[in-house]
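>>> Structure for this input, please:
(one chain, ligands or ions: 1)
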Amino acid sequence: MKLLHIDSSILGDSSASRQVSAAAVAQFRKKDPSVEVIYLDLASDPLPHLDVEALSWLGKDLTPDVSGRPELIAGAEALKTFQAADVVVIGVPMYNLSIPSQLKSWIDRIMVAGQTFRYGANGIEGLAKGKKVVLAVARGGLYGAGSPAASFEHQLSYLKSVFAMIGITDLTVIEAEGLATNGGADRARILSDAEQKASAL
Ligand SMILES: Cc1cc2nc3c(=O)[nH]c(=O)nc-3n(C[C@H](O)[C@H](O)[C@H](O)COP(=O)(O)O)c2cc1C
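Okay, here's the model as predicted:
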């Protein structure tokens, strides 16, 4: 089994989403010690924003004359690594109501027409079927259904759409939310609850 582990928090060792994604990966390793884990740290090793040249090469084999551009190679590898993974665990912080731009740059490399989805006769058809995706989501505030800020939530709702579009039906979400509410007094409990959920995967 191949597991792709992605972190995108800029907060290093203080990151909540890194803590929860690590607990999830540890659980997969526990269940299957032979699991092959590939780790991408999008904060320390970011993919650049998609530009027109990178767009023109998405999903194609790079020719020798462009293969000297490391960012094109990294983007092509991001797609191949995602396609080869059986399980994908992603640490997802909420930054400014959405996801980190580093994670968006990765999504821009894996949502590729003809590779992970296609425009069929009945609309969009996902081609990345059969994978399990686990999202370790962290947020300072509270955005649950019925809460005053529910309509401001563009982190998890966005990612659910992304993975649905490419054909992922096995999506597990572990949420650590409200980390900054109550002056951060509940942070340790919220994180511990999320880690326990990750350890029960
Ligand atoms: C740049 C930045 C922007 C943030 N924006 C939001 C926000 O819009 N809503 C929110 O609830 N929390 C926000 N937070 C708090 C984070 O969601 C919270 O710190 C969470 O733990 C981030 O995940 P991480 O610790 O893995 O980086 C923000 C934090 C940072 C650093």
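
>>> Now do the strands in the chain.
Secondary structure of the chain (DSSP state E): strands at 2-7, 36-41, 87-93, 117-120, 123-126, 132-138, 170-176.

>>> For those strands, give me CSV that also has mean pLDDT, mean neighbour count and distance to the ligand.
Glycine gets a C-beta too; all of them are placed from N, C-alpha and C. Listed next are the strands of the chain as CSV, based on pLDDT from 0 to 100; neighbours: other Cβ atoms under 10 Å; distance: least, Cβ to the nearest ligand atom, whole Å:
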stretch, mean pLDDT, mean neighbour count, distance to the ligand
strand 2-7, 98, 22, 8
strand 36-41, 98, 15, 12
strand 87-93, 98, 26, 3
strand 117-120, 96, 12, 28
strand 123-126, 96, 12, 27
strand 132-138, 98, 24, 4
strand 170-176, 98, 17, 7
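
>>> closest to Arg69 out of these?
With Cβ to Cβ as the criterion, Arg69 lies closest to strand 36-41 of those, at 18.9 Å.

>>> what lines up beside the closest one in the sheet?
Here strand 36-41 has these sheet partners by DSSP bridges: strand 2-7 (parallel).

>>> can you list contacts of the partner strand?
15, 17-18, 21, 25, 28, 35-43, 81-82, 84-91, 103, 106 (Cβ atoms under 8 Å, 6 or more residues apart in numbering).

>>> How about stretch 16-29?
Counting by Cβ under 8 Å, 6+ apart, 1, 3, 5-9, 11-12, 35, 37, 87, 89-93, 134, 136-138, 174, 176, 179, 187, 191, 194-195, 198-201 sit against stretch 16-29.
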